[in-house]
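Undergrad: could you look at this predicted model? Sequence included:
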Amino acid sequence: MRHNHIVKKLSILGTTEIRGLDLSEPLDDELIAEIKDLWNKSGGMLVFRNQHLTSQQHIDFSRQFGIPFGSPEGVPMQDTVSRYLHPDHPELYCVSNKVDKKGVPKGRKGAGTYWHSDVSFREEPAAASILYAKQIPSVGGDTLFADGTAAYEDLSQAMKDLLAPLYALHDFAVAAATQYTNPFVINDDLDGANKALHPVIRTHVDTGRKSIFVNPGQTSHLDGFDQAESDALLKFLYEHMTQPKYIFRQIWQEHDLAMWDNRTMMHFAIDNYGDDPRYLERVTLMGERPV
Ligand SMILES: [Fe+2]
């Protein structure tokens, strides 16, 4: 590579760490292509260490890879999370247990403490999420990632054949019922725009690889099945996907910028750090309709 950065595999599934790259400046086309290629080869998980970015630079970096939710050309995420957006940058979703002097939360506390894929309940769910750790607790606060591609590839051919034609309903109401305090759920979010039927097995637009695309946090059921039938099949898939061999554990370092692919992975933020301050900002890139 022309740039002097160091690329290191963090897991056998491909997860990759990059050091020595400064993302605060615009990247040339060649480097953008290299990062995309590396991202795809990593199974959708890159961790850039030691980044020193303003919120605007984080957004500018992200825009080189797609259109963020909440940007002028993009659509907003669900209204329920609007209270956690950065006051000056609607592209930034803030994740934090901190409050300001008036007691107003600086971000969503306990965000993503369940297995999910960001914004999977939209007709066009998220592609990348690009999360920047500005302040991390002294211990805890790791994020788990489950690789839906490796998990798919290990299924028997009979199970692959069974799953191939199936669709699942993804519905924000599933997350709203279990993850959000009732007064803060905006009722309009429970209407049409935050429900979508997606193939259970989706094919990545760049790599052509197939991944399991259901998650317990936001998938309500398999289309056409009785609830009990659906529950049994989904339970198998969730248990299969979350076996330790498919998990990458991101142990955050301050100034990490992690870029993951919601099309190939689901993730789980571990809430085990109490009041130890934690503050991260996320840009979420809009993706295509799953096929
Ligand atoms: Fe998330």
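TA: Okay, I see it.
Undergrad: give me the neighbour count for the residue of the stretch 51-200 of the chain found nearest the ion.
TA: Relative to the ion, the nearest point of the stretch 51-200 of the chain is Gly112 (3.6 Å; Cβ to the ion). The C-beta positions use only the backbone N, C-alpha and C, and glycine is treated the same way. With neighbours defined by other Cβ atoms under 10 Å, the count for Gly112 comes to 22.
Undergrad: with adjacent residues omitted, what lies nearest to it?
TA: Ala269 (4.0 Å; Cβ to Cβ, 6 or more residues apart in numbering).
Undergrad: please list all residues in contact with the one you found.
TA: 95, 110-113, 141, 143 (Cβ atoms under 8 Å, 6 or more residues apart in numbering).
Undergrad: and with 10 Å instead?
TA: 95, 110-114, 116, 131, 141-144, 250, 278, 280 (Cβ atoms under 10 Å, 6 or more residues apart in numbering).
Undergrad: which of those fall within strands?
TA: 95, 131, 143-144, 250, 280 (DSSP state E).
Undergrad: buried members of these into ChimeraX, please.
TA: Buried subset of these, written as a ChimeraX selection, criterion 16 or more other Cβ atoms under 10 Å:
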select :95,131,143,144,250,280
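Undergrad: nearest to Asn215 among the ones in strands among the contacts of Ala269?
TA: Nearest to Asn215 among these is Leu144, at 12.5 Å by Cβ to Cβ.
Undergrad: and the residue lying closest to Tyr180 once chain neighbours are set aside, which of the three is it?
TA: The shortest distance from Tyr180 to any non-neighbouring residue, by Cβ to Cβ, 6+ apart, is to Thr80 (6.2 Å). The three-state assignment at Thr80 reads helix, by DSSP: H, G, I helix; E, B strand; the rest coil.
Undergrad: who's in contact with Thr80?
TA: Counting by Cβ under 10 Å, 6+ apart, Thr80 makes contact with 108, 172, 175-176, 179-180, 184-190, 194.
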